[in-house]
Each structure stands twice: as structure tokens, then as C-alpha cells.
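J.: could you work out the structure for the sequence below:
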Amino acid sequence: MKHADMNKVPPSPDAFAYSDHDVCREKLAEAGFIDVEVSPVPSVFCANSADGFWEEFLQFSVRTPIIMDQQTNEICNAIQTDVADAITQFESDGELAVPMPSFVVSGVKPA
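T.: Below you'll find the model as predicted:
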């Protein structure tokens, strides 16, 4: 949300910190896990339109609507336009199939 004024919302941890596989491995190791593995899980978010995607986007996390509620209409429109522009590349036959890569992190807790 490059347009959002993040000074209008309380600070929070990085929502994408655990997108970094090394961070996941490190945190599990700190918690005492061994043989930590990160396995990709292909995921796709389907929507029938950019507007439909936007409505779901607003519910992706608890924080998203909080951020959006604090922005001006102009900023909200700019963000929505950016999102619509970014996802058009994933449109085929009138449907959107937006990749949303996921992964499972697992480890063994020694006895």
C-alpha cells in the first residue's frame, strides 16, 4: 500500500516477516526445533473481477480495513487502482487467478 499514510495507524509487526524462509527456520530453531523444512504450497486466489478481488482484499487481514479506514477517499482510490492494475496480468477468459504463494514450515521438537 505505497500510497497509504501509515502514520495514521498504530505500529505493528511486519506482516510479511515470515515470508522469508530463513526467518522461519531461525524462529523455529530458537524455539528448539530441529530438521526444519520449508515446503512450498501453490495457492491461487480466484475472483470474477478486480472489484471482487478488492472486496476480498479488504478482508485479507485484520489490519487491512484498519489501514484503509484511516485513509482519504483519494488515497483509497489510488490503492484500489494500483491493485486492479497489478492483477490484470492474471486475468484469463474474464476470470482472475492471482497467485498467492504459500508454504508450510515444519520441524521436530526433540524429546
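J.: in this structure, where is pLDDT below threshold?
T.: Residues of the chain meeting the criterion pLDDT under 70: 1.
J.: residue boundaries of the strands in it?
T.: Counting by DSSP state E, the chain has these strands, from start to end: 34-41, 44-47, 91-92, 95-99, 102-108.
J.: and of those, who's closest to Leu58?
T.: strand 44-47 (12.4 Å; Cβ to Cβ). (C-beta placed from N, C-alpha, C; glycine too.)
J.: can you point out the buried residues in the top helix by length along the chain?
T.: Ranked by residue count, the top helix of the chain under DSSP state H comes out as helix 73-87. For helix 73-87, the neighbour count (16 or more other Cβ atoms under 10 Å) marks 75-76, 78-80, 87 as buried.
J.: just put the strands of the chain in TSV and tack on mean neighbour count.
T.: Shown next, in TSV, are these (neighbours: other Cβ atoms under 10 Å):
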stretch	mean neighbour count
strand 34-41	12
strand 44-47	14
strand 91-92	11
strand 95-99	15
strand 102-108	13
